[in-house]
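In: Sequence first, predicted coordinates after that:
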Amino acid sequence: MSQKVEFLYLSEPDMIKAGVLNAKRCVEVMDETFQLLGKGDYLMGGPEIDSHGLMLFFPGESKFPKMPLAGPDRRYMAMPAYLGGRFHLTGVKWYGSNRANIAKGLPRSILMLCLNDAETGAPMAIMSANLLSAMRTGAVPGVATKYLASKSARNLAVIGCGVINRACTRGILENMPKAEKMLLCDIDAGKCEEFAKELKAEYSVESVAVSLEEAIRSADVVTVAVSGEKGVRIDPSWLKPGCLLTSSGAMDLPDEAFLKNTVAFDHWSMHKLWLEEALAHKDGLDFGLSWGATSAAVLKALHAGRLDAGKFISLSDVAAGTGKARKSDDEIIIFYSGGLPVEDISWGAECYEQAKKLGLGHTDKVWDQAHWR
């Protein structure tokens, strides 16, 4: 038996050629991933197997002059997972994020993914993961649209026209067959124009730039993906009966919205663990959630006793056929996507297999035979 260990390295251009930007296929793979989640054929970090990942909490100040300090979107995290089914892989996505990167001409986050053999732990592939992460993030609202949106949904509101919402919009449109109009809203009008032009070449759906309130009031499905400490403020009275409001970034909603409407999560167990981890943080609940947990407001309301977790919907259960879904065409559902490491594993595995078929990337050797065994 060969003792050689080697791995395939895939750059961002390699990943593009391997189909990382294929929205339709990504939504299909995320749907499969959520079905495996709901069946329990997965592992994520920690003893409760549901951790989002292990993160460095940078301090506000330090006596060490070179130590990185806390700042907007500043974090470093490793996100390990195992996913079963046809994937049967372990892996870890790791990344650094810092909004100050933008001034340097870099993306806010820089991400890599390593796929490993589930039995030996040997590396199989190391790949650029910025596009991979954006696409799997965008595909999740697409899966939520399939299971939680009204079947008659026609208008899509896009709040924030940055990278993540470009992926979210494509994911949603894959499962919104009656879509007629996209209502675009961004503090930078130029981004709306750019996005409308980009989408026109791909989808036969009318795009118009409107105000935040007009976009929300007219929408059957809303995707919010903006960065920032507090997020975009949405008045619950703007939500149309039957609306699905999806959040992949910062969103500011009053508790009233959670009390009157149905709250859904990608995978409730992970968000529940976020609350437990935040409560255990030495600097308290607010600091524990300050890094940007999308569901922070809901978790705080739950901790304060204002919400009943028994009424929450978990998309993983719905996809697996074991959970409750939409009750009526008038039900308003607020959906939070937090980002699951198993999503990186499945979409990374899909791109890896395509890359091998196309002969992409290059192989690097770890050893022919380990020096110490």
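Out: Noted; the coordinates are in hand.
In: In the stretch 151-300 of the chain, where is pLDDT below threshold?
Out: Applying pLDDT under 70 to the stretch 151-300 of the chain picks out residues 228-230.
In: Would you map the strands across it?
Out: Assignment of strands within the stretch 151-300 of the chain using DSSP state E, counting those that start in this stretch yields the ranges 155-159, 181-185, 206-209, 221-224, 232-233, 244-247, 251-252, 262-265.
In: what's next to the fifth one, contact-wise?
Out: When you say that, I think you mean strand 232-233. Outside strand 232-233, the residues that touch it by CB atoms under 8 Å, 6 or more residues apart in numbering are 159, 160, 212, 224, 226, 250, 251, 252. Heads up, the C-betas are built off the backbone N, CA and C, glycines and all.
In: Please apply the same query to the third one.
Out: The contact list for strand 206-209, computed with CB under 8 Å, 6+ apart, reads 180-186, 189, 192-193, 195-196, 199-200.
In: Can you tell me which of those is closest to residue 77?
Out: residue 186 (27.1 Å; CB to CB).
In: is it true that that closest one touches residue 194?
Out: No: using CB atoms under 8 Å, residue 186 is not in contact with residue 194, being 9.6 Å away.
In: Quickly list what's touching both of the two.
Out: Residues touching both residue 186 and residue 194 (CB under 8 Å, 6+ apart): residue 161.
In: Please say which of these two ends up with more neighbours.
Out: residue 186 (20 against 15; other CB atoms under 10 Å).
In: how about the nearest residue to the more buried one, chain neighbours excluded?
Out: residue 161 (4.3 Å; CB to CB, 6 or more residues apart in numbering).
In: For ChimeraX, what selects the buried ones among the contacts of strand 206-209?
Out: Of the contacts of strand 206-209, the buried ones go into a single ChimeraX selection, burial set by 16 or more other CB atoms under 10 Å:
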select :181,182,183,184,185,186,192,195,196,199
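In: so can I have JSON lines of the contacts of strand 206-209 showing distance to residue 259?
Out: Compiled in JSON lines, these are given as follows (distance: CB to CB, whole Å):
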{"residue": "180", "distance to residue 259": "32"}
{"residue": "181", "distance to residue 259": "30"}
{"residue": "182", "distance to residue 259": "30"}
{"residue": "183", "distance to residue 259": "26"}
{"residue": "184", "distance to residue 259": "30"}
{"residue": "185", "distance to residue 259": "26"}
{"residue": "186", "distance to residue 259": "29"}
{"residue": "189", "distance to residue 259": "35"}
{"residue": "192", "distance to residue 259": "33"}
{"residue": "193", "distance to residue 259": "38"}
{"residue": "195", "distance to residue 259": "34"}
{"residue": "196", "distance to residue 259": "36"}
{"residue": "199", "distance to residue 259": "35"}
{"residue": "200", "distance to residue 259": "40"}
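In: what's the closest of the strands of the stretch 151-300 of the chain to residue 355?
Out: strand 221-224 (29.2 Å).
In: Packing partners of the closest one?
Out: In this structure, strand 221-224 makes packing contacts with strand 155-159, helix 163-174, strand 244-247, judged by 3 or more CB pairs under 8 Å, 6 or more residues apart in numbering; DSSP states H and E.
In: how about stretch 27-47: buried residues?
Out: For stretch 27-47, burial by neighbour count (16+ other CB under 10 Å) applies to 27-39, 41-45.
In: Spell out which residues sit in contact with residue 169, please.
Out: Shown in contact with residue 169 (CB under 8 Å, 6+ apart): 138, 156, 158, 182, 195, 199, 223.
In: now do residue 373
Out: Residues near residue 373 by CB under 8 Å, 6+ apart: none.
In: just to revisit the earlier point, which pair in the contacts of strand 206-209 has the greatest spatial separation?
Out: Considering CB to CB, no two members of these lie farther apart than 180 and 189, which are separated by 22.6 Å.
In: what comes into contact with stretch 177-191?
Out: Stretch 177-191 is touched from outside by 151-162, 169, 173, 192, 195-196, 199, 203, 205-212, 214-215, 218-219, with contacts defined as CB under 8 Å, 6+ apart.
In: In PDB, could you pull the C-alpha coordinates for it?
Out: Listed in PDB are the C-alpha atoms of stretch 177-191, where the atom choice follows Å, rounded to 0.1, in the frame of the first residue of the first chain:
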ATOM      1  CA  PRO A 177     -40.000  30.300 -10.700                       C
ATOM      2  CA  LYS A 178     -42.600  33.100 -10.800                       C
ATOM      3  CA  ALA A 179     -40.200  35.900 -10.200                       C
ATOM      4  CA  GLU A 180     -41.200  39.000 -12.200                       C
ATOM      5  CA  LYS A 181     -39.400  42.000 -10.500                       C
ATOM      6  CA  MET A 182     -36.300  42.700  -8.400                       C
ATOM      7  CA  LEU A 183     -36.400  45.700  -6.200                       C
ATOM      8  CA  LEU A 184     -32.800  46.800  -5.600                       C
ATOM      9  CA  CYS A 185     -31.700  49.000  -2.700                       C
ATOM     10  CA  ASP A 186     -28.200  50.100  -1.700                       C
ATOM     11  CA  ILE A 187     -26.800  53.300  -0.100                       C
ATOM     12  CA  ASP A 188     -24.500  53.400  -3.200                       C
ATOM     13  CA  ALA A 189     -26.900  53.900  -6.200                       C
ATOM     14  CA  GLY A 190     -24.100  52.900  -8.500                       C
ATOM     15  CA  LYS A 191     -24.100  49.400  -7.100                       C
END
